[in-house]
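Undergrad: Sequence and predicted model, in that order:
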Amino acid sequence: MRHPTPGAIVVEATVVEELPSLLYRLELATKSQVLAHGAGAVERNWVRLLPGDRVEVEFSEHDPTRARILKKIL
């Protein structure tokens, strides 16, 4: 599992749509949507994410519309 970088914002989100090139459209609790890609174990272990799955994401410091998926929440 990849650990968040110090000072990063980590939140839970729900997968809405799977896009090409291992990108996912996620919906946050605030109903806003962001694009995210897998990082660490999610990418390395070919974790399959489907619409409706809950995930933990870390936001980019430079672009609030992009995030990195840290892990799938079971």
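TA: Yep, it's here. If you're wondering where the values come from, they're calculated on a predicted model, not measured in any experiment.

Undergrad: Go ahead and confirm residue 37 touches residue 23.
TA: Yes - using CB atoms under 8 Å, residue 37 is in contact with residue 23, at 5.6 Å. Every residue, glycine included, has its C-beta placed from N, CA and C.

Undergrad: Nearest residue to residue 47 in space, ignoring adjacent ones along the chain?
TA: residue 72 (5.7 Å; CB to CB, 6 or more residues apart in numbering).

Undergrad: Can you report how many residues lie near the one you found?
TA: 16 (other CB atoms under 10 Å).

Undergrad: Mean pLDDT per helix and strand in this structure: which one sits at the bottom?
TA: helix 41-44 (a mean of 67; mean pLDDT, DSSP states H and E).

Undergrad: what about the helix or strand just after that helix, average pLDDT?
TA: Proceeding N to C from helix 41-44, the next assigned helix or strand is strand 54-59, under DSSP states H and E. Strand 54-59 shows an average pLDDT of 93 in the prediction.

Undergrad: Kindly report the same for stretch 8-28.
TA: Here the average pLDDT along stretch 8-28 is 93.

Undergrad: So which residues make contact with it?
TA: By CB atoms under 8 Å, 6 or more residues apart in numbering, the list of residues contacting stretch 8-28 from outside reads 4, 29, 33-38, 43, 49-59, 61, 67, 69-70, 73.
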